[in-house]
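Enquirer: could you look at this predicted model? Sequence included:
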Amino acid sequence: MNMQTIHMLDIAYCETFTRRIDTSWGILFCNENQPDYYDANHARIMTACDNSHEVAEEVINFFQSKNIVPRFYIYDLENQQNLLTELKSRKFKYEELISPVQLWDNNIISIPTDPMVKIEKVTKENYREAIEIEGSIKEFGGLEVMEKVFEEQFNHPAFTHYLLRYDGVACSTACIFEDGNQARMESVATLEAFRGKGLIGQIIHYIQQEVTKKRIEKLWVFPINEAIEKVYQKYGFETVHKAVAGHAFLSGKSIKEIQS
């Protein structure tokens, strides 16, 4: 699997809700309106960093000048020991994350029709219902973070959000982000009281039909853990890569703490 393809899709996704600043060593992402949203505010380094001291200084000064916690997403870890040592000396906290990368096999799953289920696009009329579902999922960062993220995504032409109702009650969401001939499925969420009813299969089935109509060639999903990875495997998503990344941050919670 070409990691460059995966990185470019993820970068394009981030650009929809944050400002991208290219540097000689990588990328700075910054959105001062969402200071607590990690993906919107971090330095991304994908190849070996030779001038670790200068890079650390630049990133720390950049984010601290905006009252944002300095944060790094670091790839190619085998060749990043100088940078990791530099950040450790500056009291950065650190964690390593293994993120499954899954690609749909382009076969629409076959599931029984449930007359209690209705799926619709998110519009201004049902906008608030969708936000409250996603805001209830602690792994997403909570309502305060998701309100701002959702607003930017909803107003961006690359996103289409979907809302599932069960017996008339809004209880599940998902969205797709389109980039050229490929798409990424995101924000799959179900209220706790409605889990165990197979609703994730219903909304994935609907999205698979939608991307097929749009003639999208590749549908990706990036599950946050192995348990969710196994769920998606039931619906035709094959794990094609395990991305390993370092997350270095000067203060606050780790990603693992947020997701636990």
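Expert: Right, received. Where do you want to start?
Enquirer: give me the neighbour count for the residue lying closest to Glu32 once chain neighbours are set aside.
Expert: Ranked by Cβ to Cβ, 6 or more residues apart in numbering and with sequence neighbours excluded, the top spatial neighbour of Glu32 is Lys66, at 5.6 Å. Where you see a C-beta, it was placed from the backbone N, CA and C, and this is true even at glycine. The local packing count at Lys66 equals 12, with neighbours defined by other Cβ atoms under 10 Å.
Enquirer: again, but for the one 10 residues further on
Expert: The burial metric for Asp76, expressed as a neighbour count using other Cβ under 10 Å, is 15.
Enquirer: quick check: it touching Gly26?
Expert: No: applying Cβ atoms under 8 Å, one finds Asp76 not in contact with Gly26, separated by 10.7 Å.
Enquirer: who touches both of these two?
Expert: When contacts are counted by Cβ atoms under 8 Å, 6 or more residues apart in numbering, Asp76 and Gly26 are jointly contacted by Met46, Thr47.
Enquirer: need the pLDDT of the residue of the chain positioned farthest from its centre.
Expert: With Cα atoms, centre = their mean as the measure, the chain has its most outlying C-alpha, relative to the mean C-alpha position, at Pro115: 31.1 Å. Confidence at Pro115, expressed as pLDDT, is 95.
Enquirer: helix/strand/coil for it?
Expert: coil (DSSP: H, G, I helix; E, B strand; the rest coil).
Enquirer: do the same with the one 3 residues further on
Expert: Following three-state DSSP, we place Lys118 in the strand state.
Enquirer: neighbours around it, how many?
Expert: 14.
Enquirer: again, but for the one 10 residues further on
Expert: The local packing count at Arg128 equals 13, with neighbours defined by other Cβ under 10 Å.
Enquirer: that one belongs to a helix, doesn't it?
Expert: Yes: the secondary structure assignment for Arg128 places it in a helix, going by three-state DSSP.
Enquirer: contact partners for the residue lying closest to Gly236 once chain neighbours are set aside?
Expert: Take Gly236 and drop its neighbours on the chain: the residue closest to it by Cβ to Cβ, 6+ apart is Asp105, 4.7 Å away. When contacts are counted by Cβ under 8 Å, 6+ apart, Asp105 is found next to Gly236, Phe237, Glu238.
Enquirer: part of a strand, is Thr16?
Expert: No: in this structure, Thr16 is coil, not part of a strand, as judged by three-state DSSP.
Enquirer: quick revisit: give me the distance between the residue nearest to Glu32 and Phe72.
Expert: The span separating Lys66 from Phe72 equals 16 Å under the rule Cβ to Cβ, to the nearest Å.
Enquirer: Asp50 now?
Expert: With distances defined as Cβ to Cβ, the gap from Asp50 to Phe72 amounts to 15 Å.
Enquirer: and the gap between Ile258 and Cys175?
Expert: Distance check for Ile258 against Cys175: by Cβ to Cβ, it reads 20 Å.
Enquirer: what about the two, which has more around it?
Expert: A count of neighbours by other Cβ under 10 Å puts Cys175 above the other of Ile258 and Cys175, at 24 against 16.
Enquirer: who's more crowded, Asp50 and Phe72?
Expert: Comparing Asp50 with Phe72 by other Cβ under 10 Å, the one with more neighbours is Phe72, at 25 against 11.
Enquirer: just checking, that one touches Met46?
Expert: No: checked against Cβ under 8 Å, the pair Phe72 and Met46 is beyond contact range at 11.3 Å.
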